[in-house]
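Asks: fold the following for me, if possible:
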Amino acid sequence: MNFVADRINRIKPSMTVGINIKAKAMKEEGKDVIVLAAGEPDFNTPKNIRDAANRAMEEGKTKYVPGKGTPELQKAIQKKFKEDNNIDYSLDEIICGVGGKHIIYNAMMATINSGDEVIITAPYWVSYPDIVLLAEGKPVIVECPENQNFKIKPEQLEKYITPKTKWLMLNSPSNPTGAVYSKEELKDLAKVLINHPHVLIMCDDIYEKIIYDGLEFHTLASIEPSLKNRCLTLNGVSKSYCMTGWRLGYCGAPKEIIAAMNKIQSQSTTSTSSITMAASVEAISGPQDFILDHNKKFIKRRDLVVSKLNEIDGITCSKPDGAFYVYPNCQGILGKITPNGKKISSDEDFMTYLLEDQGVAGVHGSAFGLSPYFRLSYATSDAILEDACNRIKEACNKLT
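Replies: Numbers count the residues shown, from 1 in each chain. This next block holds a predicted model:
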């Protein structure tokens, strides 16, 4: 007898989470493994944010809280959207969830009917298609190759919109490529979307503040205000504030979508932790100067990894504009033979070889919908990154 729902067979476990768990298990077995598969900064949560959490506990703020967020947190988010993004959201257009992934899940479950299409640009964050499938939607994958900087072009978007299209998902800066949409690029996409009023747009801005080289961040609802009533602007505290384990995501969206998401949340998680909410108020409203300091370190690490990878025969690596990942091309590795006689036929084969031969854990490009690539996180120390790149070079030198 099968006790598992059919919908579970439509999806896969999160590939990035799975690889991270496997690599950490190898480390616990005593194996020498460098884990570059995780999407989290190596910096600790800043002290002022930790102090805010401690104060909340001492003050007895340990009871149930509104699922949408405490009044203090909602007002902090409202102010953030206005000051950082020039978007005016009323409080009934804002909701918090248990991380950004939870916001996406609730949004898809609240809006998608069976057979609705969701345009997802590849490379994509691994959870997008599976969340759509869980909601009984149809992921429509649009490949955005490296020669267009992994970003969707207006003519591609126009081609893939149909009467069944419910959502377009945009992620800038991108996981896994670090690509950032410029103001002009968003304006061009907006021109297409204006002509298709049935299409909602999810702007995943979770890496908003991790951006380099003097680039400015822009999001669609601020670039084209007429689209605000169709945009879900997603953000959170995980990446910029080094709070991955605290689990707090939030968004602004039309109030009918927020109300539907809140209804779902009321019957599932209810809310994230009251302590997390208190800490998040401090994160969003408190000092922001540490972000610039972190970004300076990320730039140094990025440049180190890009330089080292481009020295390896068979690998080319473009320089990302944001986030903390590189997405190198390993086309030149395919077809080569490992020391134990196995042929490298895919980017997944290559990642398996790197983990087994040199103890370097990354994520294969097929998990993100575009091969032959692989993703490495550079959110760790210079010494670890240099060691990892040297190991990758050693592994590649062994191939014939």
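Asks: centre of the chain to the worst-scoring helix or strand of the chain on mean pLDDT, how far?
Replies: Scoring the helices and strands of the chain by mean pLDDT, DSSP states H and E places helix 15-28 at the bottom, with a mean of 76. Between the centre of helix 15-28 and the centre of its chain there are 18 Å (C-alpha atoms, centre = their mean, to the nearest Å).
Asks: parallel or antiparallel, list what pairs with the helix or strand just after it.
Replies: Following helix 15-28 in sequence order, the next helix or strand is strand 34-35 (DSSP states H and E). According to DSSP bridges, strand 34-35 forms sheet pairs with strand 360-361 (parallel).
Asks: let me know how buried Gly236 is, in neighbour terms.
Replies: Residues within reach of Gly236, counting by other C-beta atoms under 10 Å, total 29. For every residue, glycine as well, the C-beta is placed using N, CA and C.
Asks: right, I mislabeled it, should have said Asp213
Replies: 11.
Asks: what do you get for Val126?
Replies: 22.
Asks: would you mind giving me the confidence score for it?
Replies: We have a pLDDT of 94 for Val126.
Asks: repeat for the one 5 residues further on
Replies: Ile131 is assigned a pLDDT of 97 by the prediction.
Asks: go on, the one 4 residues further on?
Replies: Ala135 is assigned a predicted lDDT (pLDDT) of 96.
Asks: what sits against it?
Replies: With contact set as C-beta atoms under 8 Å, 6 or more residues apart in numbering, Ala135 has these partners: Tyr105, Met108, Met109, Ile112.
Asks: all helices for the stretch 1-150 of the chain, in order.
Replies: 15-28, 47-58, 71-85, 100-111, 127-134 (DSSP state H, counting those that start in this stretch).
Asks: and the stretch 151-300 of the chain, by the same measure?
Replies: With DSSP H, counting those that start in this stretch as the criterion, the stretch 151-300 of the chain has helices at 154-160, 183-194, 220-223, 255-266, 274-285, 289-310.
Asks: roughly how far is the fifth one from the heart of the chain?
Replies: For helix 274-285, the separation from the chain centroid amounts to 21 Å (computed by C-alpha atoms, centre = their mean).
Asks: I'd like to know which elements it is packed against.
Replies: With contacts defined as 3 or more C-beta pairs under 8 Å, 6 or more residues apart in numbering; DSSP states H and E, helix 274-285 has these neighbours: helix 47-58, helix 71-85.
Asks: find the nearest non-adjacent residue to the residue nearest the centre of the chain, please.
Replies: Residue closest to the average C-alpha location in the chain (C-alpha atoms, centre = their mean): Asn175, at 4.7 Å. Leaving aside its chain neighbours, Asn175 sits nearest to Trp125 (4.8 Å; criterion: C-beta to C-beta, 6 or more residues apart in numbering).
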